[in-house]
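Enquirer: predicted model and sequence follow; I will ask about them next.
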Amino acid sequence: IHGSWWDIAKVIATSIKEGGELQAALDTYKASMEALFQMSDEVLKAWTVIGTIGDSNWNVDLPMTEQADGTWKSNEAYDIGDADEFKVRQGKSWTNNYGMNDDGTPALDGPNATLAKMGKTAGKYYVVLNPADGTISLVAA
């Protein structure tokens, strides 16, 4: 099962919890699962940012683009606040994802990245991932 299944499956519980109709939740689930099996190789290879930044609330993968040096950079700069948390993941899945340890070192499938762990203050940043070593950095906009 593709790692994105967890994000897709939580839609059912969230919809029902918010008073949604079960059939509508199941229809959304079915459409999301069908889309998952039609993902292109480009999407499966691509890295994205997910978290509480960019008003995504862990529900939207924010796109990144591969740079000439092999790193991946978010397509937009985002306002990142002190309370925000995020990770970088590949293929819109939790199979390959990077977070950050408390000491700022990269963590495969580890804790969420925060400004405090990166020694940064609230501001507008691009998120950059070096997939060779899992390092996440922020570049001021």
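Expert: Received, thanks. Residues are numbered from 1 along each chain as shown.
Enquirer: could you use CA atoms for every contact and neighbour count after this?
Expert: OK.
Enquirer: middle-most residue in the chain, spatially?
Expert: I50 (2.2 Å; CA atoms, centre = their mean).
Enquirer: a strand runs through that one, doesn't it?
Expert: Yes - assigned with DSSP: H, G, I helix; E, B strand; the rest coil, I50 falls within a strand.
Enquirer: the closest residue to it other than its chain neighbours: what's it in contact with?
Expert: Once flanking residues are discounted, I50 sits nearest to D61: 5.0 Å by CA to CA, 6 or more residues apart in numbering. Shown in contact with D61 (CA atoms under 8 Å, 6 or more residues apart in numbering): T48, V49, I50, K92.
Enquirer: ok, D61 to E34 distance?
Expert: D61 sits 18 Å away from E34, going by CA to CA, to the nearest Å.
Enquirer: so E76 is in contact with Y126, correct?
Expert: Yes - if you go by CA atoms under 8 Å, E76 and Y126 touch, sitting 6.3 Å apart.
Enquirer: between the contacts of D61, which is closest to S40?
Expert: Checking the contacts of D61 against S40 by CA to CA gives K92 as the nearest, at 11.6 Å.
Enquirer: quick one: that closest one is in a helix?
Expert: No - under the criterion used here (three-state DSSP), K92 is coil, not part of a helix.
Enquirer: ends of stretch 111-126, how far apart?
Expert: End to end - CA to CA - stretch 111-126 spans 20 Å.
Enquirer: stretch 53-67 too?
Expert: First-to-last residue span, stretch 53-67, CA to CA: 22 Å.
Enquirer: mind listing what's buried in it?
Expert: Buried positions in stretch 53-67, judged by neighbour count with 16 or more other CA atoms under 10 Å: I53, G54, W58, V60, D61, L62, P63, M64, T65, E66.
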